[in-house]
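below is the sequence, then the predicted model.
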Amino acid sequence: MPGRGALCLGLLLRVLLVCGSAQQPDSCRGLCECSEPAKTVKCVNKNLTAVPPDLPSYVRTLFITGNRLGRLPAGAFPAQRLPDLSALNLSGNRLGEVEAGALSALPALRQLDLSGNPLVSLSPQTFGEGGSPLEELTLRGALRNHTVLLSLAAMLQSGALRNLSRLDLADNGLVVLPTGMFTALPALRQLDLSNNSLVGLHNVSFQGLGQLQSLNLSDNSLSVLRNSTLAQFRGLPTLRRISLGHNTWVCDCAIEDLVAWLKESDQVEGKEALTCAYPDKMLGKALVKINGSDLNCSLPTDLPSQLQTSYVFLGIVLALIGAIFLLVLYLNRKGIKKWMHNIRDACRDHMEGYHYRYEINADPRLTNLSSNSDV
């Protein structure tokens with residue numbers, strides 16, 4: 001009897017395993033690793049060219065990475081099939097194109113990672129017309145194409161991602177950012193712009209980012225931060241951490257405002273390590289230790305003000321020359337009038353001579369008479 005009981009128990013377990021495997025989608029029996037207790041599916045390095053159509057509905061965290069998707073078409077994720085999917089990682093899939101509506105059927109999506117994809121086309125309507133509840137967006141190394149950057153800016157400015165709290169745009173080689181790119185992100189708390197090639201922030205507006213807590217600008221090509229940018233930083237009440245390390249700070253007179261702000265602000269992380277890159281005499285000097293005597297700012301450095309002053313001075317000089325010229329004309333008005341009369345008389349005599357010769361040439365009789373008189 002004990003032997004028969006053990007045999008029955010083994011058969012029961014085998015039946016349960018067969019039934020369980022029969023209920024698993026095809027994608028979970030070869031292409032992907034599925035874990036229902038963890039609500040996770042991993043399709044990693046499987047040379048997939050499209051999103052598996054039969055993903056289990058229980059999935060909350062989905063990894064489709066290291067494949068060859070190439071393109072993410074509209075409706076790539078079947079509508080109503082993944083109601084609980086909250087985290088989607090599509091990094092490193094050689095994605096070049098993301099079409100309108102590609103991610104519109106994911107009502108619970110909160111985290112999206114598109115890093116490491118050579119995007120050349122990103123539709124501003126990727127999440128559909130109604131927007132998305134997305135809270136975290138990672139695009140490391142995916143914005144090498146300027147057109148894609150502009151499309152992303154249009155998407156952000158449209159208000160489609162108003163719930164976004166974390167935006168990672170690092171490692172993209174960005175030189176400048178589109179104007180007003182972050183103005184429609186009221187919930188943004190973390191913004192990562194590190195490891196790019198940003199040369200300035202003069203056209204970047206941080207106004208409206210009332211919840212911003214962390215801003216990473218390290219490893220860029222910033223040479224100075226202007227007063228307008230510093231004023232925006234001062235006006236963000238929750239901004240507590242700004243990273244500015246490994247930038248090419250030019251320590252001339254234009255950096256005075258940045259130095260003064262660094263000395264008084266507690267927002268900058270590791271500000272004691274910020275050093276001058278140019279000129280050579282200031283190389284390696286800590287920004288917070290710079291004094292006015294180090295910069296020798298006896299001359300004004302505000303170029304627009306200098307140009308404005310130069311234009312005003314030039315206008316005054318030209319006006320003075322014009323006034324002198326008019327005065328000379330006025331004082332010599334009689335001589336000028338006589339000179340004009342003489343020119344008029346000379347021109348009239350000259351024209352009368354031409355008229356006389358024309359009459360002689362036009363009349364044959366006068367021509368013969370003129371010839372005989374010459375003889």
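Happy to help now that I have it.

identify the bridge partners of the residue nearest to Val268 when sequence neighbours are not counted.
Leaving aside its sequence neighbours, Val268 sits nearest to Ile242 (Cβ to Cβ, 6 or more residues apart in numbering; 5.0 Å). (C-beta placed from N, C-alpha, C; glycine too.) Ile242 has the following beta-bridge partners by DSSP bridges: Leu215, Val268.

export stretch 128-147 to CSV, keeping only CA atoms.
Extracted in CSV, the C-alpha atoms of stretch 128-147 (Å, rounded to 0.1, in the frame of the first residue of the first chain):
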residue,chain,number,x,y,z
GLY,A,128,-1.2,58.0,-28.1
GLU,A,129,-3.4,61.1,-27.9
GLY,A,130,-4.3,60.8,-24.3
GLY,A,131,-0.8,60.9,-22.9
SER,A,132,0.7,58.4,-20.4
PRO,A,133,1.0,57.9,-16.7
LEU,A,134,4.7,57.3,-17.2
GLU,A,135,6.9,58.5,-14.2
GLU,A,136,10.4,57.4,-15.3
LEU,A,137,12.0,57.7,-18.7
THR,A,138,15.5,56.6,-19.5
LEU,A,139,17.1,57.5,-22.9
ARG,A,140,20.8,57.0,-22.3
GLY,A,141,22.6,56.9,-25.7
ALA,A,142,19.4,57.0,-27.7
LEU,A,143,19.3,60.6,-28.8
ARG,A,144,22.3,60.9,-31.1
ASN,A,145,20.0,62.0,-33.9
HIS,A,146,19.0,65.7,-33.6
THR,A,147,15.6,65.0,-35.2
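
what's the model's confidence in stretch 185-195, averaged?
Stretch 185-195 carries an average pLDDT of 97.

list the buried residues of it.
Neighbour counts over stretch 185-195 (16 or more other Cβ atoms under 10 Å) mark Leu185, Leu188, Arg189, Gln190, Leu191, Asp192, Leu193, Ser194, Asn195 as buried.

correct me, but the first one touches Phe206?
Put plainly, it is Leu185. No - counting by Cβ atoms under 8 Å, Leu185 does not reach Phe206; the two are 10.1 Å apart.

helices of the stretch 1-150 of the chain, residue ranges please.
Using DSSP state H, counting those that start in this stretch, the helices found in the stretch 1-150 of the chain span residues 2-23, 146-157.

least reliable of those helices going by mean pLDDT?
Least confident of these, judged by mean pLDDT, is helix 2-23 with a mean of 43.

what's near enough to touch the spatially most central residue of the chain?
The geometric centre of the chain, computed from its C-alpha atoms, lies nearest to Leu177 (Cα atoms, centre = their mean), at 1.7 Å. The neighbourhood of Leu177, defined by Cβ atoms under 8 Å, 6 or more residues apart in numbering, consists of Leu149, Ala153, Leu193, Leu198, Leu201, Asn203, Val204.

mind checking which of those residues are buried?
Leu149, Ala153, Leu193, Leu198, Leu201, Val204.

contacts only, for the third one.
Read it as Leu193. Going by Cβ under 8 Å, 6+ apart, Leu193 touches Leu169, Ala170, Leu174, Leu177, Leu215, Asn216, Leu217, Asn220.

which ones among those residues map onto helices?
Among the contacts of Leu193, no member falls in helices (criterion: DSSP state H).

which of these lies closest to Gly322?
Gly322 has its nearest neighbour among the contacts of Leu193 in Leu177, at 46.9 Å by Cβ to Cβ.

quick one: low-confidence ranges for this structure?
1-27, 79-80, 298-308, 356-375 (pLDDT under 70).

save the buried ones among the contacts of Leu177 as JSON lines, and put in distance to Arg29 too.
Converted to JSON lines, the buried ones among the contacts of Leu177 look like this (distance: Cβ to Cβ, whole Å):
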{"residue": "Leu149", "distance to Arg29": "41"}
{"residue": "Ala153", "distance to Arg29": "42"}
{"residue": "Leu193", "distance to Arg29": "43"}
{"residue": "Leu198", "distance to Arg29": "48"}
{"residue": "Leu201", "distance to Arg29": "52"}
{"residue": "Val204", "distance to Arg29": "50"}
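
any idea which of the residues you listed is closest to Pro107?
Using Cβ to Cβ, Ala153 comes nearest to Pro107 of these, at 25.2 Å.

give the contact list for the closest residue to that closest one other than its chain neighbours.
Using Cβ to Cβ, 6+ apart and skipping residues adjacent in sequence, the residue nearest Ala153 is Pro178, 3.9 Å away. Taking Cβ under 8 Å, 6+ apart, we find Pro178 in contact with Leu149, Leu150, Ala153.

what do you get if the cut-off is 10 Å, keeping everything else the same?
Pro178 makes contact with His146, Leu149, Leu150, Leu152, Ala153, Ala154, Leu156, Gln157, Asn203, Val204, according to Cβ atoms under 10 Å, 6 or more residues apart in numbering.

again with Ala286
Counting by Cβ under 10 Å, 6+ apart, Ala286 touches Val259, Leu262, Lys271, Glu272, Ala273, Leu274, Thr275, Cys276.

could you rerun that using 6 Å?
Contacts for Ala286 were tallied using Cβ atoms under 6 Å, 6 or more residues apart in numbering; they are Thr275.

ditto for Ser197
Taking Cβ under 6 Å, 6+ apart, we find Ser197 in contact with Gly173, Val175, Ser221.

distance check, Val148 against Asp192.
Using Cβ to Cβ, to the nearest Å, we find Val148 at a distance of 17 Å from Asp192.

got it, and His350?
As defined by Cβ to Cβ, His350 lies at a distance of 84 Å from Asp192.

what's opposite Cys97 in the beta bridge?
Heads up, residue 97 is Glu, not Cys. Bridge pairing for Glu97 - DSSP bridges - gives Arg71, Ser121.
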